[in-house]
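# below is the sequence, then the predicted model.
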Amino acid sequence: MKKFFPVFSRDKSTSSVNLEASETQHPSESIKVVDYELLETDPGIRPPISSYHPDIQNEVRKAYLKIGRHQPPHNFVYPWSLKGNQRRRFCKNWFDLYDWIDYSESKDLAFCLPCFLFKNVSKYGGDHFVTEGFSDWKNSQRLANHATSSNSHVDCVHMSYALMNPNQSIKAAFVNQAKQMNSEYRVRVNTSLIATKFLLRCGMPFRGSDESFNSLFKGSFLELVDTLKEINLEIANVIDCTPGNNFMTAPTIQKDLVVACACEITQQIVCDIADDVFCVLIDESGDVAGKEQMVVVIRYVNSEGFVKERFLGIVSVKETSAKSLKEALEKLLSINGLSLSSIRGQGYDGASNIRGKFGGLRTLIQNENPSAYYVHCFAHQLQLALVACAKTHKDVSGFFGKVNMLVNFIRSSNKRQELLRDKQVSQFAKLIEEGQIETGSGLNQKSSIARAGDTRWKSEKIRHLKICIALQKCDQDLLNALSLVKATKEELQEMRNNGWEKLISKFMEICNKHDIDMPDLDAPVSNLHHYKHDCLFSVLDLQLHELNARFDEENTERLQCVSCLSPSSSFEDFDVKKLLRMVELYPNDFVDVPEVVVRHQLQNYVKNVRCDPKFAKLNGLSDLCAKLVETKKCNTFDIVYRLLKLALVLPVATASVERVFLTIKFVKSQLCNKMGDQ
């Protein structure tokens, strides 16, 4: 009996042994088949259901229900008991009156089979018909009361029926119905979620101006759901048979799904940061609804050593004062489990309320966290330098003024624009035939004429400059950016020294090609001096002056320290003293790290990487950081790896923030100007 149905001993001395035996038994060894011959049928001596292992209790119950009630043989003589002056005994006819009654020959007691099986599960009644037994044969009315008035008995009978007929019980019917409802609900939610994810990836608005059933275009979201119904019969059957208030396509549902997607993405970004340091890129602008909004982008180095710039959130602000922006930033970081103390860099444009040295946002943050160093957006500085030059020089300013007049004249008429495009196409065809220009994807495409502007993203003055494109890359590091600026200055200086002959030669070629009258450079009033000195040299000098004035970060101590980490030319710029100074600039990142330990690791690091061929050809700090992670040397040289991350989180440009604003314009347009901030 105990082999197949282990009974938990109530004896404290043996209970621990039985418990250990049950814990060591493999789950696959638990008994699932009950041997009827080994079950104790006498209700007076059979062990309670609670003494069996929970894994086999239902199997034991089923076995007892299949065996049925225990009844003595027909020739059994029920004993008499003396109750006062009267003799009483169990009445055999009670088996016919009560289909639940059990009789024990050994103890001359009556029991209830359903209550015995399920009393430990039911929440009603006592244990009189389970453990104590019934022997008051004189008061047989108590048997009838037990069957009709006992909530516990009724509950146990229902559970007995449900156990033997699981598919016919009311509970099972509810469960099956709930499963079907849950399955259909999941199909509807998944359909709406697919549509939501697609529109979010495309940056498209969800709502339509007319979302009624008979509308020709009900909006992108509803139209996409209808398309999914056409290509998937299961989706169509589920949605078409659903009540009108349970389609899972309501505007509130759409917003809930968008918020859920945003929360999941933001959580992944925060997990990717993994309590490490990061930089904030911030810009503020008004939207089409007249609300001031602040966009926050996070720049960090992930676990693989790659630089990432990720959109964290957009916050509506009532005013654009530095204090208001700081409070909004703190709230956004707090919601996502980030802190101001982890900021190691700030990237902004030239707005005074953000970059001001006395009351700007960057100053308020640095008052709490001195290691949150500020870098002015390089792409913005480049644009300011060139625009300032164009506006300062009289001839250049006049030239762009005439260009704008010509652009306005052409763009004011669709006919003129079409004539210009036709002329452009014929010109390209001729040049391609002559082999003077190349063809390919994105090369020499038909395009419209654009106006020159002061902002760096719209201006045709520098849109195609190589340095401008390079500065806008999200994985660009500060050291490469400085080298690009330096190379640009050298090219401008070289053009001033030796570029006149090449320029005038190209100018003459264009004039001859298009039958343009050339100025006489040998005239008494020297045109040569005017174009060479008053125009070319003057413009180049102004550009060099503006670039030197605005890109002065390379002279700061911090950037000189960063340059020592450069892997170029076998780490020839590596300087232990400057890197020790860099450690001092970030005191919170090197707490309790002795100078001796830092110096020793730096010396070992440079010796190790110089002789390693894997570090021979690297293009910058980003490649160096990723290579350290790839070769697992980030663990060996953890201090150097930390210095690299601090250098890489320093921002270069706020292009990622500007891209967010451009995307928002697609979603929150004039037609959707009442859309919520989410």
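Good, I have the coordinates. Numbering: from 1, shown residues only.

# give me the pLDDT for the residue of the chain positioned farthest from its centre.
Going by C-alpha atoms, centre = their mean, the residue of the chain most distant from its centre is residue 85, 85.5 Å out. For residue 85, the model assigns a pLDDT of 77.

# what separation do you get for it and residue 141?
Distance of residue 85 to residue 141, given as C-beta to C-beta, to the nearest Å: 20 Å. To be clear about C-beta, it is placed using only N, CA and C from the backbone, and glycine gets the same treatment.

# and the chain, split by domain according to the record?
Here the domain parsing of the chain from the TED database is 49-164, 170-258, 274-377+654-666, 383-430+453-551, 555-649.

# next, give phi and psi for the residue nearest to the spatial centre of the chain.
In the chain, the residue lying closest to the centroid (C-alpha atoms, centre = their mean) is residue 265, at 1.5 Å. When read as degrees, to the nearest 10, the backbone of residue 265 gives phi -70, psi -40.

# hmm, back to that, where among the domains of the chain is average confidence lowest?
For the domains of the chain, where the average pLDDT is lowest is domain 383-430+453-551, sitting at a mean of 79.

# how long is that one end to end?
For domain 383-430+453-551, the separation between the terminal residues is 12 Å (C-alpha to C-alpha, to the nearest Å).

# what of stretch 82-91?
End-to-end for stretch 82-91, by C-alpha to C-alpha: 15 Å.

# check which residues of it are buried.
88, 90 (16 or more other C-beta atoms under 10 Å).

# I'd like the numbering to begin with 30 instead of 1 from here.
Sure, I'll start numbering at 30, so the last one becomes stretch 111-120.

# which one, of the domains of the chain, ends up nearest to residue 71?
Proximity to residue 71 (C-beta to C-beta) singles out domain 78-193 among the domains of the chain, at 5.4 Å.

# start to end distance for the closest one?
Start-to-end, domain 78-193 (C-alpha to C-alpha) is 17 Å.

# which residues does the helix or strand containing residue 308 contact?
Per DSSP states H and E: residue 308 is located in strand 307-315. The set of residues external to strand 307-315 that reach it, using C-beta atoms under 8 Å, 6 or more residues apart in numbering, is 321-329, 338, 346, 349, 354, 358, 367, 371-378, 380, 383, 390, 678-680, 683, 685-687, 690.

# secondary structure element for residue 426?
Secondary structure assignment for residue 426, by DSSP H and E: helix 423-440.

# next SSE after that helix?
helix 443-463.

# output the next helix or strand after that next one as CSV, nothing but the C-alphas.
Where DSSP H and E defines the elements, the next helix or strand beyond helix 443-463 is helix 495-500. Taking Å, rounded to 0.1, in the frame of the first residue of the first chain, the C-alpha atoms of helix 495-500 are listed here in CSV:
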residue,chain,number,x,y,z
LYS,A,495,32.0,66.0,-47.1
ILE,A,496,32.7,67.3,-43.6
CYS,A,497,29.0,68.2,-43.0
ILE,A,498,27.9,64.6,-43.9
ALA,A,499,30.6,63.1,-41.8
LEU,A,500,29.8,65.2,-38.7
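
# what residues sit buried inside the helix or strand just after helix 495-500?
Sequence-wise, the next helix or strand downstream of helix 495-500 (DSSP H and E) is helix 507-527. For helix 507-527, the neighbour count (16+ other C-beta under 10 Å) marks 507, 508, 509, 510, 511, 512, 513, 514, 517, 521, 524, 525 as buried.
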